[in-house]
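Participant: Predicted coordinates and the sequence they were generated for:
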Amino acid sequence: MMSDMQKDSAAVAQWIVDEGSRAEPDCFERWLQQCPELRSMHDTCTIGVAVWAHLMTPYTPFRGENFELLADHFAWFDMDNIREAYDRDAYRRDFHRLWLVQPHNEVALTHFLHRQEAPVTLPEARARIRRLTGPSRPLRSLWDALLPRRVADMRDTLHMLELTSALSRLPPLDPAQISLWRALTDRRHVNRPRIHLAMLRGLLSALTVLAVAALVAMAFDLDTMGHATGPAAFSSQVFSSGGYAAVRR
C-alpha cells in the first residue's frame, strides 16, 4: 500500500511529466522554477525519485531538452548520485526518440529526419511513422517497398530513430511492422521478406515485359493489316469488324 506522501508524490510526478511532454523548453524551465510543490529541498528530492520512476516504468515518451532540465533540477546525475553520468545521453536519446514518434510531434520529427542531402517533408515524415505503426500489414508494406527510394528512406529512418526491440514495443510503434521493415532494409542478410520483395519485383517486371510485347505485336499486326489492304479497305474492315462485334454483344 502506498502512503499519502507517496500518492501525492506520484500525482505531482505525473503532472510534471505531462507538462514536460508538451511544453517548449523555455516554458518548462520557468514552470519548474515556479512550481510550488518543488519549493522545499525534501519535497524536491522525494518528487525527483517519483518522476524518475514514472519515466522509467516503462520508458516514457519525453522531450529530450526537457529531460535535461529535469536531470539538472533533481540532480539525477551528480557525482554523489547512484546514476552514472555517462548514461545521461543514452536516456535522453531514448526518451526523445519515443517522444518524436508520438502523434502531434510530426513537426519535430520532420526536423529530426531532415538532412540537406535527403530532405524530408512533413507529409513524408508522417508516412514513414505510419509504416512503423500497427496493425501489421505485410502485403501493403511489400507494395510500399516497390517504390523507388522507399527502402533506402525507411533504412535511414530506422537508423536515425535507433529503434531497439525494447523501445519499439511502446505505442504507437508496432514491433511486427518494425521487424518487417528492418528485414526489408537489411542489406547484409538474405531473409524471407527480402525474398518476397524480390519475387514481387520479378513478377511485376515480367508482366511489364509481356504487356509491352503485346502492345508491340498489336501495333505490328495493325500496321501490317493497313499496308496489305490499303487505307480505305483497312478502315472499312476495322469498322465492319467493330460493327459485327457490337452486334454479337
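Facilitator: Nice, thanks for sending it over.
Participant: What average pLDDT does stretch 188-201 get?
Facilitator: What stretch 188-201 shows for mean pLDDT is 86.
Participant: try stretch 63-82
Facilitator: The model assigns stretch 63-82 a mean pLDDT of 87.
Participant: can you pull out the helices in this protein?
Facilitator: 4-22, 25-34, 41-56, 64-73, 88-100, 106-113, 122-131, 138-146, 150-161, 175-184, 192-229, 231-248 (DSSP state H).
Participant: Of those, which is nearest S168?
Facilitator: Proximity to S168, assessed across the helices of the chain by C-beta to C-beta, is greatest for helix 175-184 (4.5 Å). All C-beta atoms are positioned from the backbone trio N, CA, C, and that covers glycine.
Participant: what's the angle between the closest one and helix 192-229?
Facilitator: Between helix 175-184 and helix 192-229, the angle comes out at 60 degrees (axes from the mean of the first three to the mean of the last three C-alpha atoms, to 10 degrees).
Participant: Give the buried residues for helix 175-184.
Facilitator: If you call a residue buried by 16 or more other C-beta atoms under 10 Å, then helix 175-184 has these buried ones: Q177, I178, L180, W181, R182, A183, L184.
Participant: what about stretch 57-69, distance to the chain center?
Facilitator: Centroid displacement of stretch 57-69 relative to its chain, using C-alpha atoms, centre = their mean, to the nearest Å, is 19 Å.
Participant: what's the span of it from first residue to last?
Facilitator: One end of stretch 57-69 sits 20 Å from the other (C-alpha to C-alpha, to the nearest Å).
Participant: circling back to that earlier point, and the helices of the chain, which one averages the lowest pLDDT?
Facilitator: Least confident of the helices of the chain, judged by mean pLDDT, is helix 231-248 with a mean of 45.
Participant: thinking again about what came up before, Serialize the buried residues of helix 175-184 to TSV and add fields for distance to T57.
Facilitator: Output for those, formatted as TSV (distance: C-beta to C-beta, whole Å):
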residue	distance to T57
Q177	25
I178	22
L180	28
W181	28
R182	26
A183	30
L184	33
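Participant: Out of the residues you listed, flag the one nearest to P36.
Facilitator: I178 (42.0 Å).
Participant: check contacts around that closest one.
Facilitator: If you count contacts by C-beta atoms under 8 Å, 6 or more residues apart in numbering, I178 has them with L132, L158, L163, S168.
Participant: what do you get if the cut-off is 6 Å, keeping everything else the same?
Facilitator: L132, L163, S168 (C-beta atoms under 6 Å, 6 or more residues apart in numbering).
Participant: how near is it to A71?
Facilitator: According to C-beta to C-beta, to the nearest Å, I178 and A71 sit 28 Å apart.
Participant: How about R128?
Facilitator: For R128 relative to A71 (C-beta to C-beta), the value is 30 Å.
Participant: Out of the buried residues of helix 175-184, the closest to A145 would be?
Facilitator: L184 (5.2 Å).
Participant: That closest one against P193, yeah?
Facilitator: Yes. Counting by C-beta atoms under 6 Å, P193 is a contact partner of L184 at 5.1 Å.
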